Structure formats: C-alpha cells, structure tokens
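Q: coordinates only, sequence not included:
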C-alpha cells in the first residue's frame, strides 16, 4: 500500500522521474521536530472539539514523541513513497499506533502544515542568528576597548582622508551588525503569525480554536485569510533579503580587512587559524576566511533573487513551485551562520600592527583641520576650504610637507594664518576635536562602546529570560 497522503482518484502510478522530482524528504526532513510539535498540538485541538478521544490523542502524542527520538538518534528509516516530512511522520505514526494516526490530518492540509512548520523553524533559527551577530559585535567591542589608543588613516574612495581611531573603524562595522540584529527582531514579529487552520485553501470547517492553537505553538497571532496564508512566503523573502543585507555588511567588513592585511597596508595580520597557504609559493598567507565571507555574502543575494522570481508569476494560493522555498531558506541559514562564526574567529584572533597604522598617517590628511583653523578665525568655510587646498598645492609644488611651509608663505595664501597654526600639525589634536556623538575622539568612541555594551547586556538578559 502506498505511503502517500493522496491518490484515491488516481488509476496509475506516478512516473519514476516525477516521483524523484516531487520528493522533498531529503531536504525537508530538517523540519521533523517542527512537524511533530505541530501535529501534537493539532491533535489536541481536534480532541477539544471531540474529533479525537482523549485516549486517541494520548496515543498520537506518545507515538509522535517516539518518532522524534528516532529522528534525533538517527534511527528513523525513510521509505519509498515518503514524499516529504509530513508523509514520513504520518506513515511512521500509523506503524506505531494504528488507526488513530489516520485521523490526525482531518481539516488540515500540507499547505497550511508546511507553512506552519517553516515558520516554527525560522523563528528558532532567527534566535540562533541573532546570537551569532551579538557574539560578533561583542568581539568587536572588546577589541575597540582594548585598542582605543591606536590611530590610523580613515579612507574615502580608498584615498587617505582624515586621522581616526582604529577602534572607530572597528565600531563602524559593529553598528552595521547591530542594525542587522534590530531588523531580525522585526522579521521575528512578521514570522510569528500562525497559518495552521487554513486548510488547503478555504479554511478549516471543524471550528478549530485557532487562537488557542497558536498559543500552544508559541505564535502571537493568526493569519486572517486562508488563501493568503497557504501561498504566503513573504516571511522567507524577508529573511532572504535580510540575510543578503547582512551578507553585504560582512563582505564589506571582510574587504577592509583583506586590504589592511596586504603588505602594502600591513595594518593587520590574519592568524594562522584563519588563513591558508599556497600550494606553490611557500611564503604566502592567504586571507581565505575573509575571501570566503566576501564570496558567500554575494551568493546570498542570488538565493533571494531566485525565490522572488519564483513568487513573481505564481497564481494565488499554494503551487508546487513553492517546494523550492525550503532549499533557499535552509541554505541561506547554513551559509550565513557559517560566515558569521568565521568572522567572529577572524576578528578575535587577528593581530593589529599599531606602528604601521600610525606610520600610514600623513600631514596632508590635516588639510581639513587647516580649513577648520581658519573657520575658527572667522573665515567663511568655502573660503577656508579653498585656502587649505592652495596650501596643499603650494606644498606639492615645493615638494615639501604642508607643515614645512613658513608662516609667511601661509599668509600669502590667507592673512588669517598666525603662529598658532603650529597646533594643527598634531594627529591627536585632530582626532580629539571630533567630540560630538558619533565622532572619533576618545570620549565619543567610549560613548559608542558604552552604548553597544548596554545593548549587548540588555539582549543577553532578554535571551536568558526567554
């Protein structure tokens, strides 16, 4: 007898080619725990409206608990005809408890069942990803605190721009990752809406108390339209887009570190534990951990596009095209979890070369400070900016540093230059003037560290309470 949950109106068997293509059990077996808890709670709902007896319900729940143990211990045997996780679990339940297993699906479709299973799985995975993000931010904050005195060039257009603290650069990426974590909270809210009770398309005709069912499955709301619920995959698209954006943030972080690790920069050294070598050139230390982060970060966007294109032309409600949604969801989660953990390890064990960072500073980077000097003398900014630019040009023409120009030469450019201009030629003074919130001064960087610490402590407490 076939294990399929359908087939009564069919007179011939499914072609082997379609059978293979139609099967998703190798992929969606990852939903075994979610499918089991979903079935247990649904059976209790059926019992509450007298479609199952107390004894039948107990038998079903006990049987499902045994099946879960089999999955966890690797003892569950997938048989031919087990199209998907729902079919496999129900088939095994019938083997264990007999007839009561054939009643569990009443009023329920795989359409609302799989959407519910996936939301349960994604909610759990969101929590895991958030922990990975917070772990990465914590490592960055730790380094920023310890290495707050290190100064380096800040870059725009990959050109030296202004002196900044190394910790300010580190924290610029930490804030991106915090933003990713904040977006995960919104995604969790959007995912936390239960589709179960929608049936195949028209709803559930047996007066299932959906609000109580949602509560038992730890959802805080229920879907309001059965047709929308079974075809909705917005929560997966949102997850894939979120993952794509997080991948972009990780990729840009990795790109900076790859550049900084080159001999041309030599700001950082990637540890042996997160580097690889060359099969030909013995001297090579390749930043493969960061290059993989950068590469995988790009592939995440491809998976997002793939599902969006699948959804674009689908008619209403459930269509089998949606079977591909689990592959993109699982793969994206696996890839992103992997690169988040690698990023954490890379940052934790890299070595920063504070001397090289400082040696990369050059006095033309203080040209902006020269303009600010004139502003403080009452010169309009555009005029001051023009004068500072002329100072740079004059130094280049004479092939000297800008601080080598005499006061008389500076005065020929702008009469407001005076002897106190010498105070401008100091990197620490330059950095410490940026004391507004968000700046690179020590007080501003400490403010960032304290803010992120407070956020990390709050989320850690919230996670423990949950």
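A: That came through fine. Remember, it's a predicted structure, so these values are computed and weren't measured experimentally. Residues are numbered from 1 along each chain as shown.

Q: run the chain-centre distance for stretch 208-227.
A: Mean-position distance between stretch 208-227 and its chain equals 27 Å (C-alpha atoms, centre = their mean, to the nearest Å).

Q: first-to-last residue distance for it?
A: End-to-end distance of stretch 208-227: 17 Å, with C-alpha to C-alpha, to the nearest Å as the criterion.

Q: before we move on, what about stretch 358-378?
A: Stretch 358-378 has an end-to-end distance of 32 Å (C-alpha to C-alpha).

Q: now swap in stretch 143-153 and tell me
A: 18 Å.

Q: just stretch 189-202 next, same as before
A: End-to-end distance for stretch 189-202, by C-alpha to C-alpha: 25 Å.

Q: relative to the whole chain's centre, how far out is it?
A: With C-alpha atoms, centre = their mean, you get 25 Å for stretch 189-202.

Q: got it, and stretch 245-261?
A: Averaging C-alpha positions (C-alpha atoms, centre = their mean) puts stretch 245-261 14 Å from its chain's average.

Q: could you do stretch 64-75 as well?
A: Relative to its parent chain, stretch 64-75 has a centroid offset of 31 Å by C-alpha atoms, centre = their mean.

Q: domain map for this structure?
A: 16-103, 110-208+217-359, 363-432 (automatic domain parsing).

Q: residue 449: which of these is closest?
A: domain 110-208+217-359 (5.6 Å; C-beta to C-beta). For glycine as for every other residue, the C-beta is placed from the backbone atoms N, C-alpha and C.

Q: flag the shaky bits of the stretch 351-466 of the chain, pLDDT-wise.
A: Residues of the stretch 351-466 of the chain that meet the criterion pLDDT under 70 lie in 459-466.

Q: could you rerun that using 90?
A: Along the stretch 351-466 of the chain, segments meeting pLDDT under 90 span 401-404, 458-466.

Q: next one: the stretch 151-300 of the chain
A: Low-confidence segments of the stretch 151-300 of the chain (pLDDT under 90): 272-288, 297-298.

Q: give me the element the residue of the chain positioned farthest from its centre is part of.
A: Relative to the C-alpha centroid of the chain, counting by C-alpha atoms, centre = their mean, residue 408 is the outermost residue, at 56.4 Å. Using DSSP states H and E, residue 408 sits within helix 407-413.

Q: and that helix, what does it pack onto?
A: The contact analysis (3 or more C-beta pairs under 8 Å, 6 or more residues apart in numbering; DSSP states H and E) places helix 407-413 against helix 381-398.

Q: burial of residue 160, as a residue count?
A: Counted with other C-beta atoms under 10 Å, residues neighbouring residue 160 total 16.

Q: what does the one 4 residues further on give?
A: Here the neighbour count serves as a burial measure; for residue 164 (other C-beta under 10 Å) it reads 24.

Q: phi and psi next, for the closest residue to residue 167 other than its chain neighbours.
A: Spatial nearest neighbour of residue 167, excluding adjacent residues (C-beta to C-beta, 6 or more residues apart in numbering): residue 144 at 3.7 Å. The phi and psi values for residue 144, taken as degrees, to the nearest 10, are phi -60, psi -40.

Q: isn't residue 144 right next to residue 445, touching?
A: Yes: using C-beta atoms under 8 Å, residue 144 is in contact with residue 445, at 6.9 Å.

Q: common neighbours of those two, please.
A: Residues touching both residue 144 and residue 445 (C-beta atoms under 8 Å, 6 or more residues apart in numbering): 167, 171.

Q: now the helix holding residue 408: buried residues?
A: Across helix 407-413, burial judged by 16 or more other C-beta atoms under 10 Å covers 410, 413.

Q: over to stretch 369-388?
A: 369-374, 379, 384-385, 387-388.

Q: which residues are contacting it?
A: Under C-beta under 8 Å, 6+ apart, the answer for stretch 369-388 is 367-368, 391, 402, 413-414, 416-418, 421, 424, 429-430, 433.

Q: with stretch 44-57 instead?
A: Contact partners of stretch 44-57, identified using C-beta under 8 Å, 6+ apart, comprise 43, 60-61, 100, 103-104, 106-107, 206-209, 212-213, 216.

Q: now list the buried members of these.
A: Among the contacts of stretch 44-57, those scoring as buried are 43, 60-61, 100, 104, 107, 208, 213, 216 (criterion: 16+ other C-beta under 10 Å).

Q: out of the residues you listed, flag the one nearest to residue 260.
A: Nearest to residue 260 among the buried ones among the contacts of stretch 44-57: residue 216, at 51.5 Å, using C-beta to C-beta.
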